[in-house]
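[1] could you work out the structure for the sequence below:
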Amino acid sequence: MNRRPTLLAAAALTMAAALTLSACGGGEGGSKDSEKIAGADSGTQRDTSASPKASEDGIDRPQIKLPKDVKNVFEGGKTGDPKKDAVLADNERWVNALIEAVTIEAKDHPALKFYATGDALLSSAEYVQGFQKKNKSFVGTTRYYGRKVTFLKDGVAAVTYCQDGTKTYPKDLKTGTVDRSIEGSASDYTFFNTRVQKNDKGVWQTDSVTSTGGAKQCM
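    Below is the predicted model of the structure:
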C-alpha cells in the first residue's frame, strides 16, 4: 500500500511534476493560494531541534519546530565544500518547513515562504491544504539520503536526494488515531530533483521540484 499521497500541481501553476513529501492521508487539490498556508494539527508539541541553527551564518532565519512524534533524518553530513554545504543546509530547512506546515497548527508558516519560492511554493501550498481539507497528518521518521548538489550557473543549483518513508504512519486529526498497520513498500521510496536559487539574503530557496515514486535507485 502506498502510504504517501502524490500532489500533482496544475500545469498553469508549476513546472514541477509532483511533490510527494511524507505520509498517508494528504490529497490532491486544495487552494492554490500560496499566501494561506496553515498547519493541520492542533495542540501538537514541537521539537525545537528540527532544523539547523538559525544564526550560524548570520542570516535572520525563522525558527522551525516539528512535533515530538515527527522526525526528519538527513544523512550525508558535511561535503567539505562550504558552498555545497550551504545549499544542503537550506534544502534541509525547506523540507523541515514543509513538514512543519503539514503537522503544526498555525495561522501562518513563515519558514515555508522563507525557503520556497515560485513553483515550489505554489505546489507546497496545495500539498499542505490537501492535508488540512481531509483532517489528516502523520507521525514517524522520514530518512533523506544520497544528497548531491550540482551547480548549474551562478546562484543556481540542483539538489537531488532519496527519501525513505517506510517509517511514517497516517494520523487522523479528528480522532487522533495513528494507523501503524501499514507496512513499508517500494512506493515509499522517492527520488527528488529540485532546483534552488540564491536570493539577495543569501538563502538558497527551492523554486521547483520533481519526484519519482517507487524509485529503484533509492532502494
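
[2] contacting residues around Ala86?
    57, 204 (C-beta atoms under 8 Å, 6 or more residues apart in numbering). In this view, the C-beta of every residue, glycine as well, is placed from N, C-alpha and C.

[3] how deep is the closest residue in space to Asp69 that isn't next to it in sequence tucked in, by neighbour count?
    Leaving aside its sequence neighbours, Asp69 sits nearest to Val139 (C-beta to C-beta, 6 or more residues apart in numbering; 4.2 Å). For Val139, the neighbour count with other C-beta atoms under 10 Å is 21.

[4] do the same with the one 4 residues further on
    Other residues lying near Arg143 total 18 when counted by other C-beta under 10 Å.

[5] and Asn193, by the same measure?
    Residues near Asn193, counting by other C-beta under 10 Å, number 16.

[6] give me the neighbour count for Arg180.
    Count around Arg180 with other C-beta under 10 Å applied: 11.

[7] ok, it touching Thr168?
    No - Arg180 is beyond contact range of Thr168, at 10.1 Å (criterion: C-beta atoms under 8 Å).

[8] who is the residue nearest to Asp69 paired with across the strands?
    Counting by DSSP bridges, Val139 forms beta bridges with Tyr169.

[9] per-residue pLDDT, it?
    According to the prediction, Val139 has pLDDT 95.

[10] surely it touches Lys167?
    No - if you go by C-beta under 8 Å, Val139 and Lys167 don't touch, sitting 9.6 Å apart.

[11] average pLDDT for stretch 73-92, rounded please.
    On average, stretch 73-92 scores 94.

[12] that stretch: end-to-end distance?
    9 Å (C-alpha to C-alpha, to the nearest Å).

[13] in that stretch, what's buried?
    74, 84, 86-92 (16 or more other C-beta atoms under 10 Å).

[14] what about Thr190, which helix or strand?
    strand 189-198 (DSSP states H and E).

[15] can you tell me what sits against that strand?
    Residues outside strand 189-198 that contact it (C-beta under 8 Å, 6+ apart) are 4, 20, 87, 90-91, 117, 120, 152, 155-166, 204-215, 217-219.

[16] so what are the sheet partners of that strand and their directions?
    Short version: by DSSP bridges, strand 189-198 pairs with strand 156-172 (antiparallel), strand 204-213 (antiparallel).

[17] so what's the residue positioned nearest the centre of the chain closest to, chain neighbours aside?
    By C-alpha atoms, centre = their mean, the mean C-alpha position of the chain lies nearest to Val95, the distance being 3.2 Å. Nearest non-adjacent residue to Val95, counting by C-beta to C-beta, 6+ apart: Asn72, 6.1 Å away.
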